[in-house]
Structures are given as structure tokens and as C-alpha cells.
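In: Quick one, fold the following:
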Amino acid sequence: MIKKPAVNKHYLLLISGSMWSSVGVLLIWIAINWFHLLTSLQIIFAILIGAALAIAISWFGFITLAKKNARRILEYPEYVCVFAFQRWQMYLLIAVMMSMGIFMRTSSLFPKYLLVPVYIGIGLALFASSFSYYRIMYNEKKSRLISKPLS
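Out: Numbering: from 1, shown residues only. So this is what the prediction gives:
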């Protein structure tokens, strides 16, 4: 029988937050690498629109999703499979989103001046929302230390 790679459920919060932070930084980095294709005015508008998108995406979507995911993780038993930091359905969604991103990046149908604000917006939203995981992880650790009896 093959054993699942199990970790303490609190590490899943760190893994989730790290993944969201890393993907957010990656998307922003991709967008920045397209700046040389844009005029100065397009760059300014891309950053402003990207920042507005990031606020909307974070506020109305990603923060809620991160908190819901963190609550789900905390309901797990103490040790759980390392890949349980996402529901299995989310892996399918991630594959679809990655495929769409690759298609949009490599297709001439989507000019870079339209993609830059989208990548900045989603990247900043992911990065900002990742701190929900870190805050929950910190609060969980703090509450476990407080409730731990002194020996």
C-alpha cells in the first residue's frame, strides 16, 4: 500500500499561502516583462487598471476564497496529505486557468497592452490575498501557544 505524504495540517496553510504568493509574483513578473512592448502611457494605465482590478478581485473573491479554504484545512485531522491544501476540484480549475493563460499569452488574439493589467490585477490580488493564510496561520499558532498548559 502506498502511503500518502502526510504533514501537519498547519503546514497546509503555509503551503497554500506560499503558492498564492508565488503565483502572484510570477504573474506580476510576466506583466513587467511585457512593459518594453508598451508606451509610457500604456504602462501607467496598465498599472492603474491592474491595481483597481486587484482591489476588486481580492475584496470580492480571493480573500473570501482563502478564508474558506483555510477553515476547511483547519477542520482536517492533525495529519493530512500534503496535496490537500486544495480541494481536488480546484486542481482541475487551476489546470484550466493555466491553459487559458498560456493560450492568451501565446496567441496574437490578445494584445499585450490588454493582458498586462489583467496579469497585474490577478497577480496583485493573489499576492495580497495570500496574507489571509499567513494571518490565520499566525493566529492559530498563537492560540495554540496560549491554550497550551505550562509544565
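
In: Let me see the confidence value for the residue most central in space within the chain.
Out: The C-alpha lying nearest the average C-alpha coordinate of the chain belongs to Trp20 (Cα atoms, centre = their mean; 2.4 Å). Looking at Trp20, its pLDDT is 94.

In: In contact with Leu13, which residues?
Out: Leu13 makes contact with 70, 73-74, 85, 133-134, 136-137, 140, according to Cβ atoms under 8 Å, 6 or more residues apart in numbering. For every residue, glycine as well, the C-beta is placed using N, CA and C.

In: do that again at 10 Å, thanks
Out: When contacts are counted by Cβ atoms under 10 Å, 6 or more residues apart in numbering, Leu13 touches 66, 69-70, 73-74, 85, 132-138, 140-141.

In: Now do stretch 88-96, average pLDDT.
Out: 85.

In: ok so, going back, mind checking which of the contacts of Leu13 are in helices?
Out: Residues of the contacts of Leu13 located in helices (DSSP state H): 66, 69-70, 73-74, 132-138, 140-141.

In: Any chance of those residues in JSON lines with neighbour count and distance to Trp34 as columns?
Out: Formatted as JSON lines, the ones in helices among the contacts of Leu13 follow (neighbours: other Cβ atoms under 10 Å; distance: Cβ to Cβ, whole Å):
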{"residue": "Ala66", "neighbour count": "25", "distance to Trp34": "27"}
{"residue": "Asn69", "neighbour count": "21", "distance to Trp34": "30"}
{"residue": "Ala70", "neighbour count": "22", "distance to Trp34": "33"}
{"residue": "Ile73", "neighbour count": "23", "distance to Trp34": "35"}
{"residue": "Leu74", "neighbour count": "14", "distance to Trp34": "39"}
{"residue": "Ser132", "neighbour count": "23", "distance to Trp34": "28"}
{"residue": "Tyr133", "neighbour count": "25", "distance to Trp34": "28"}
{"residue": "Tyr134", "neighbour count": "17", "distance to Trp34": "29"}
{"residue": "Arg135", "neighbour count": "15", "distance to Trp34": "32"}
{"residue": "Ile136", "neighbour count": "21", "distance to Trp34": "34"}
{"residue": "Met137", "neighbour count": "20", "distance to Trp34": "34"}
{"residue": "Tyr138", "neighbour count": "12", "distance to Trp34": "35"}
{"residue": "Glu140", "neighbour count": "16", "distance to Trp34": "39"}
{"residue": "Lys141", "neighbour count": "12", "distance to Trp34": "39"}
